[in-house]
Each structure stands twice: as C-alpha cells, then as structure tokens.
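A.B. asks: Here is my input, please return the structure:
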Amino acid sequence: MKKIAALVIMLLTFMSMKSQNNTMSDTIVGPKIFGVINVSVGNIRTGPDFETELETQALLGQPVKILRKNGWYKIETPDGYKSWIHRMQIVPMTRAEINSWNLARKVIVTTPFAFAYSRPQTSSQVVSDIVAGDQLKYLGTTGQFYWVEYPDGRKAYLLIAQAQPFNEWVSTRRFDANHIISTAKSLYGIPYLWGGTSVKGVDCSGFVWTAAFLNGVILPRNASEMIKIGERLIVAKDFSNLQPGDLVFFGHKAAAGKKERVSHVGIYIGNRKFIHSLGMVHISSFNPKDTDYDEYDLNRFIGATRFLNHVGEYGITKIQLNKLYQRL
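C.D. replies: Below is the predicted model:
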C-alpha cells in the first residue's frame, strides 16, 4: 500500500509540474495582438498540438485576435470562436498592421478550388492552393491575372475568372432563400469533416456557416448557437409552414428535466426536403414516399428557425460590419 501511495504522490507531483511548465511556457503576446490566416484553410484545434481535435477552420486573409502564444497561437475568430492554430498558418500583426490589411483593396476567391502562381501563367510554379472565400491583397492586373499579396508578403498571380474585387463582391451578395440554397447546392458531395468550414470539408454547422459566409454573412459557428438566431418556429406536422431557407435542427427535445440538445442542422429547401452535411453534403426528405427519405433525421427533428430576414440582429452579421474586418 505504501508503494502504491508513493507512486500516486509521484504521479500527482509530475502532473502538477507539467501543468506549471505549460503555464510558464505561455509568453506575453506583446504588441502583435491580431493576426491574419496565411494558408488557404487554417486548421484550428482544441489545444496547441496536432494530435488534438479539429475545432473549426478559418480562411486565407481572415483577420483574428490573438489571445495567447505557446509555440501555437490561441485565437478568436470573427464568429467568436476561441481555440488554437499553428504558428505557420498565421501572420501576427500589430494594430497598425491589421488596419493596413483590413483597409487594403482585396480580391476574394469565388471558385471552389484554384491555385495562385508565381508568374502570370498557369504553367509557372504554384505558390499555394486557394479555395472559395479566401482573400488576398490586390496589387494590380496583368492580362488575365490579378497580381496579389499574401498576409506574409508573398506575391502571386490569380486568374481573374476565379476571383472578384471584394468590395464589388460583397455589394452583390443577396442573403435570401434563392442565393443561400444555390450556394448550399454548389457544395453538394463535399465530404463531412468534423470542424470543417470550407470546401475542403464541412461538418453540419460548418456547412451552414460556409453557405452563409459565401453570401456575405457571418453566423455563429455551432448548431447549438445557430438555433438561437432569428425566429424560432412552431413547425406543422407536415412541415407546411416552413419556407425555403429556414434552418432545421435535430437532436433531443427537452423532456423529463433534461434540456434540449442540438446536435445537427440543415437548410430547408422546400417540398419537405433539406440539404445538410452528414457523411457528405446531400439532400434528404421528411417524406416517407420520397426515395431520399431520411427516417433517422425525421425521428430526431426538434425544430426550425427563420433567419434570412434577420440580418443585423443577434448572431447574424454582414462580413464588412464584423468588428475584426474594420479599423481596430
């Protein structure tokens, strides 16, 4: 027993020392309390280690706030998410530097997948991959290419056909049912990825988040937060009062002293059908007569919200009005 007690004491002492060392290894962030994502899709994890779970993602050019530094950076994204990103995927910036980035002319990638090149020709060296929603600083135009700059100063060429000036793009966004459903359908077949919010892979709420972002709006990141935005609906048994573009939620209803638990979300597209990411992005139906009938999700359906006509209210913000995209 004495040996066991001694071993327990040693283990507790080691864990305490490890905890202290982790705390001591955190360094003061200093004047660079902001940052910009520097890869096509930045992977943000639950802890400062590649072995930790993927929590969410952020796109190239996206501004973030730096909270802590420990080899990795703990950051806060524009949707309020706080977690860790590897130092190679972010460029730390001072307030003056982030303001320079935010106020600079930029282009936004509008095609699902593409590449940026070292010279204005597609046969030249690839600088990086890029995906829909990525933003780069605009430097000029050469033939069929935009000349662009990354947050870390790298320069590259991007086909004009695959991007658009950000101010022009954002002014043409229409956050309505037709556009949100069209964007959602353009993601059809993209694989499910826990923590994913890009065309490289999406989880259920990441899918909804991406469809909204590509239409100029930032939503809360998780389904449990999305259900709080807009107007909660009392849904008819035949779903006849739902409108295309409403959000539909799944999980466990409140009962016997247990709170409602939201675990899944999709976008209603009409005719008792919805599009969502489960396995991959696809369309399912609440109607038993349809070939794409989804009995599993029908059985766990818990409610719906109407959010498209609530832009500017809690949790629904136009990109250009988000605080991290403005002068800081």
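
A.B. asks: what sits against residue 117?
C.D. replies: The neighbourhood of residue 117, defined by C-beta atoms under 8 Å, 6 or more residues apart in numbering, consists of 124, 125, 126, 127, 145, 156, 157, 158. The way it works is simple: take the backbone N, C-alpha and C, and place the C-beta from them, glycine included.

A.B. asks: Generate a PyMOL selection restricted to the buried subset of those.
C.D. replies: In PyMOL, a selection of the buried entries from these looks like this (16 or more other C-beta atoms under 10 Å):
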select buried, resi 127+145+156+157+158
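
A.B. asks: could you redo the contacts of residue 117 as JSON lines and give each row pLDDT and secondary structure?
C.D. replies: Below are these laid out as JSON lines (pLDDT from 0 to 100; DSSP: H, G, I helix; E, B strand; the rest coil):
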{"residue": "124", "pLDDT": "98", "secondary structure": "coil"}
{"residue": "125", "pLDDT": "98", "secondary structure": "coil"}
{"residue": "126", "pLDDT": "98", "secondary structure": "strand"}
{"residue": "127", "pLDDT": "98", "secondary structure": "strand"}
{"residue": "145", "pLDDT": "98", "secondary structure": "strand"}
{"residue": "156", "pLDDT": "98", "secondary structure": "strand"}
{"residue": "157", "pLDDT": "98", "secondary structure": "strand"}
{"residue": "158", "pLDDT": "98", "secondary structure": "strand"}
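
A.B. asks: out of the contacts of residue 117, who's nearest residue 105?
C.D. replies: Looking at those and their distance to residue 105, the nearest is residue 158, at 13.7 Å (C-beta to C-beta).

A.B. asks: from memory the closest one sits against residue 114, does it?
C.D. replies: Yes. Counting by C-beta atoms under 8 Å, residue 158 sits close enough to residue 114 to count as a contact (7.2 Å).

A.B. asks: what does stretch 304-316 contact?
C.D. replies: Residues from elsewhere that reach stretch 304-316 (C-beta under 8 Å, 6+ apart): 175-177, 180, 217-220, 225-233, 235, 242-243, 245-249, 268, 317-318, 321.

A.B. asks: Can I get that stretch in PDB, CA atoms only?
C.D. replies: Extracted C-alpha coordinates of stretch 304-316, given in PDB (Å, rounded to 0.1, in the frame of the first residue of the first chain):
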ATOM      1  CA  ALA A 304     -36.700  25.200 -37.100                       C
ATOM      2  CA  THR A 305     -35.800  28.900 -37.200                       C
ATOM      3  CA  ARG A 306     -36.300  31.600 -39.800                       C
ATOM      4  CA  PHE A 307     -33.100  33.700 -40.100                       C
ATOM      5  CA  LEU A 308     -32.700  35.100 -43.600                       C
ATOM      6  CA  ASN A 309     -34.700  38.300 -42.800                       C
ATOM      7  CA  HIS A 310     -32.900  38.900 -39.500                       C
ATOM      8  CA  VAL A 311     -29.500  40.200 -40.800                       C
ATOM      9  CA  GLY A 312     -28.100  42.700 -38.300                       C
ATOM     10  CA  GLU A 313     -29.800  41.000 -35.300                       C
ATOM     11  CA  TYR A 314     -28.100  38.800 -32.800                       C
ATOM     12  CA  GLY A 315     -25.600  36.400 -34.300                       C
ATOM     13  CA  ILE A 316     -26.200  37.400 -38.000                       C
END
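
A.B. asks: Tell me the buried residues in that stretch?
C.D. replies: For stretch 304-316, the buried set under the neighbour-count rule, 16+ other C-beta under 10 Å, comprises 304, 305, 306, 307, 308, 315, 316.

A.B. asks: Just the closest of the residues you listed to residue 47, please.
C.D. replies: Proximity of the buried residues of stretch 304-316 to residue 47 (C-beta to C-beta) peaks at residue 315, which lies at 26.2 Å.

A.B. asks: domain ranges for this protein?
C.D. replies: Per automatic domain parsing, the structural domains of the chain span 24-101, 106-170, 177-320.

A.B. asks: Grab the nearest non-local neighbour of the residue nearest the centre of the chain.
C.D. replies: When the chain is reduced to its mean C-alpha position, the closest residue under C-alpha atoms, centre = their mean turns out to be residue 197, at 3.8 Å. Leaving aside its chain neighbours, residue 197 sits nearest to residue 206 (3.9 Å; criterion: C-beta to C-beta, 6 or more residues apart in numbering).

A.B. asks: If you count contacts, what does the host helix or strand of the one you found end up packed against?
C.D. replies: Under the criterion of DSSP states H and E, residue 206 resides in helix 204-213. With contacts defined as 3 or more C-beta pairs under 8 Å, 6 or more residues apart in numbering; DSSP states H and E, helix 204-213 has these neighbours: helix 177-186, strand 197-198, helix 223-226, strand 261-270, strand 273-278.
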